[in-house]
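> Structural data only, the sequence is not supplied:
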């Protein structure tokens, strides 16, 4: 079974600064997909960014980027120029390429991000 | 319309009640999902419907009964629940079930309290 570990239960960042959220995972698969989802107080899960394991290039979406280290099984999220609206719970998630479980997302326990003015 | 709409937003029910949660999307998605999320925990997959057929049941107790009457609607029927079933129930949809890179669109959930 694959496991996803987020070792930082809480993080804090000042507005306009940069913060990095950590995620490691354990898998024996060579092909898989990694995601960061955000859950603000509205409770709606929102996709922030995604990465295909066979792509070496790190994914980027505006102020959000990842540092994907396949050998180290690490998938950290960097948020640049943090904004108050970035305050949320962030979940790292793993999804296998081939699965008998309907490609269910396997979530980490989450990191609560606080953004201070 | 890129929304997944869930009703009601909040629900309080007794252990002998029967109630239903509803989920609706009009994005033409053919896969729909129910997740359960306890406080300060990640979501856990309960059911997956693909083309209106139940494809995944993650060993969920029979007191939870899903239904997909058409491609836009997903219901979760609740009966004889236990207090430990109190949680946020999230609905999600995606274009297809079998494309693992796909983005899931989530609703805002129904916060359920079982007394």
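Cool, the structure landed. The structure displayed is predicted, hence computed values, not measured ones.

> Please verify my assumption that residue A:113 contacts residue A:20.
No. Using CB atoms under 8 Å, residue A:113 is not in contact with residue A:20, being 10.8 Å away. C-betas here are computed from N, CA, C, even on glycine.

> Which parts of chain B are strands?
Along chain B, the stretches classed as strands by DSSP state E are B:4-7, B:10-13, B:18-25, B:31-37, B:44-50, B:53-57, B:64-70, B:73-79, B:87-94, B:105-106, B:110-114.

> related to what we said a few turns ago, quick check: neighbours shared by residue A:113 and residue A:20?
Between them, residue A:113 and residue A:20 share these contacting residues under CB atoms under 8 Å, 6 or more residues apart in numbering or on different chains: residue A:79.

> quick revisit: any chance of the strands of chain B in a markdown table, plus mean neighbour count?
Formatted as a markdown table, those follow (neighbours: other CB atoms under 10 Å in any protein chain shown):
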| stretch | mean neighbour count |
| --- | --- |
| strand B:4-7 | 19 |
| strand B:10-13 | 14 |
| strand B:18-25 | 18 |
| strand B:31-37 | 24 |
| strand B:44-50 | 21 |
| strand B:53-57 | 14 |
| strand B:64-70 | 15 |
| strand B:73-79 | 19 |
| strand B:87-94 | 23 |
| strand B:105-106 | 22 |
| strand B:110-114 | 19 |
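
> Could you tell me which residues make contact with the residue nearest the centre of chain B?
The residue lying closest to the centre of chain B (CA atoms, centre = their mean) is residue B:34, at 2.9 Å. The contact partners of residue B:34, by CB under 8 Å, 6+ apart, come to B:23, B:45, B:46, B:47, B:66, B:74, B:76, B:89, B:90, B:91.

> Next one: it relative to chain A, how far apart?
12 Å (CB to the nearest CB, to the nearest Å).

> okay, that residue: pLDDT?
What the model reports as pLDDT for residue B:34 is 95.

> which stretches of chain B have low pLDDT?
Scanning chain B for pLDDT under 70 picks out the ranges B:1-2, B:97-98, B:100.

> For residue A:80, give me its contacts.
Going by CB under 8 Å, 6+ apart, residue A:80 touches A:18, A:63, A:64, A:65.
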